[in-house]
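1. Provided below for reference: sequence and predicted model.
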Amino acid sequence: MTFKRKDLLGLRDLSAAEIGHLLDVADQFRGLNLRSIKKVPTLRGKSVVHLFLEPSTRTRTSFDIAAKRLSADTHAITGSASSTTKGETLLDTARNLAAMHPDILVVRHRYAGGVRMLAEALPDTAIINAGDGACEHPTQGLLDLLTIRRALGGVAGKTVTIVGDITHSRVARSDIWGLTKLGARVRVCGPPTLIPPGIERMGAEVHHHLEPALKDADVAIMLRIQKERMFQGGHYIPSQREYSRLYGLSRAKLKRWARRDLLIMHPGPINRGVELEPEVADSEWSVILDQVENGVAVRMGVMYLLLGGEGAARREGRGP
Ligand code: CP
């Protein structure tokens with residue numbers, strides 16, 4: 001199968017076959033990351049600009065490592081060091097960067113839909129959404145799918161419970177689109193204030209209590225409360241302590257309510273002691289660092305396929 005898209009904006013846009021193909025290609029790149037020499041000439045002569053106008057540790061580093069391992073030239077611009085601080089708009093910033101002819105622009109921005117706007121405005125540059133507001137974070141969704149697929153042998157028929165601040169989470173949205181397309185059952189669990197109305201229409205079953213939400217689940221994806229996206233002065237939870245008591249995962253709750261082989265995931269950053277007790281985050285149930293590891297392979301796969309995959313690499317004499 002070939003992947004014929006200019007951009008990667010969200011998992012909502014992709015078919016199950018396209019997602020499966022992306023995961024297959026990413027899985028092939030995993031081995032490269034374990035070698036002593038981790039570089040291949042696949043994207044030699046290509047350039048990738050990382051435009052991150054919101055903070056990031058994992059996604060930005062992972063994209064940068066992925067591009068460099070494929071031999072692309074990379075250039076990073078962060079919010080505080082960009083001319084957006086002088087009043088330049090996102091669109092003007094992106095148009096100016098595109099005028100330098102990068103092959104890929106990786107963008108993180110706080111406005112939902114902002115990255116899609118850039119993809120429409122810049123017909124000659126591949127745009128990758130590295131997180132737009134509470135809309136989507138497709139490469140996180142893909143690395144979550146790859147982690148589940150590798151750990152459980154597949155995604156179809158699995159029950160995945162996403163716990164926490166669903167309202168403000170782009171990870172939850174990308175996960176729900178991807179998981180349901182690949183045939184998983186998805187439950188979301190959190191206080192009513194943090195579950196957006198209409199989420200059932202995406203195919204998710206809504207729970208407000210952790211015990212039934214965890215019952216017979218194969219995977220629990222724990223989310224951070226995203227205070228930075230909350231309406232200032234809004235009261236979403238009575239207190240952090242109360243939230244943790246009701247929705248945080250502890251070893252005691254796991255023993256009482258979850259399957260012994262439950263997989264625990266978290267996109268990071270973790271607020272230890274809030275959504276996850278430290279001993280659970282570091283436990284035998286946790287595959288959180290596997291997610292991070294798989295993230296590099298996923299981003300390699302995405303960049304490789306957006307720039308034409310094997311066909312283009314062979315035509316241009318830069319095959320893997
Ligand atoms: N998962 C994720 O997006 O983490 P960062 O914000 O550190 O990139």
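-> Right, received. Where do you want to start?
2. find the residue at the geometric middle of the chain.
-> Q140 (1.4 Å; C-alpha atoms, centre = their mean).
3. residues of the helix or strand where L23 lies that come out buried?
-> Assigned by DSSP states H and E, L23 falls within helix 16-30. By neighbour count with 16 or more other C-beta atoms under 10 Å, helix 16-30 contains the buried residues E18, I19, G20, H21, L22, L23, V25, A26, D27, F29, R30. In short, each C-beta sits where N, CA and C put it, glycine included.
4. what about the residue in the stretch 201-320 of the chain that the ligand sits nearest to, how many neighbours?
-> Proximity of the stretch 201-320 of the chain to the ligand (C-beta to the nearest ligand atom) peaks at P267, 3.8 Å away. Residues contacting P267 under the criterion other C-beta atoms under 10 Å number 27.
5. can you pull the contacts of it?
-> Neighbouring residues of P267 by C-beta atoms under 8 Å, 6 or more residues apart in numbering: R58, H137, Q140, D144, V171, I221, L223, R224, Q291.
6. same thing with R170?
-> A112, G131, D132, G133, A134, C135, E136, H137, Q140.
7. let's verify the first one: helix, strand, or coil?
-> Same thing as A112. With DSSP: H, G, I helix; E, B strand; the rest coil as the basis, A112 sits in coil.
8. tell me if I'm right that it and A134 touch.
-> Yes: between A112 and A134 a contact is recorded at 5.7 Å, counting by C-beta atoms under 8 Å.
9. give me the more crowded residue out of these two.
-> The residue with more neighbours, out of A112 and A134, is A134; 21 against 16, by other C-beta under 10 Å.
10. how much space is there between the more buried one and V115?
-> 13 Å (C-beta to C-beta, to the nearest Å).
11. the ligand contacts on this structure?
-> Taking C-beta under 6 Å from any ligand atom as the criterion, the chain approaches the ligand at residues S56, T57, R58, T59, G131, H137, Q140, P267, G268, P269.
12. those residues in strands, which ones?
-> G131 (DSSP state E).
13. quick one, helices of the stretch 1-150 of the chain?
-> 16-30, 58-69, 90-98, 114-121, 138-152 (DSSP state H, counting those that start in this stretch).
14. do the stretch 151-300 of the chain as well
-> Under DSSP H, counting those that start in this stretch, the stretch 151-300 of the chain gives helices at 170-181, 210-214, 240-247, 251-257, 278-281, 288-306.
15. sorry, back to before: what's the most buried one of the helices of the stretch 1-150 of the chain?
-> helix 138-152 (a mean of 24; mean count of other C-beta atoms under 10 Å).
16. shaky segments in the stretch 201-320 of the chain?
-> 233, 311, 313-315, 317-320 (pLDDT under 70).
17. looking at the closest residue to A94 other than its chain neighbours now. What's its pLDDT?
-> Excluding the flanking residues, the one nearest A94 by C-beta to C-beta, 6 or more residues apart in numbering is L118, at 4.7 Å. L118 carries a pLDDT value of 98.
18. ok, now which ones touch L118?
-> L90, L91, A94, L105, V107, I127.
19. tell me how far the second one lies from R229.
-> According to C-beta to C-beta, L91 and R229 sit 22 Å apart.
20. in stretch 264-272, which of the residues would be classed as buried?
-> Result for stretch 264-272 [16+ other C-beta under 10 Å]: buried residues I264, M265, H266, P267, G268, I270, N271.
21. what's the closest of the contacts of P267 to D64?
-> Of all the contacts of P267, R58 has the smallest distance to D64: 11.0 Å, by C-beta to C-beta.
22. quick one: the closest one and N294 touch, right?
-> No: between R58 and N294 there is no contact under C-beta under 8 Å: 11.2 Å.
23. that older thread, between the contacts of P267, which is nearest L179?
-> After measuring the contacts of P267 against L179 - C-beta to C-beta - the closest member comes out as D144, at 8.1 Å.
24. residues contacting the closest one?
-> V171, S174, D175, G178, I221, M265, P267, Q291.
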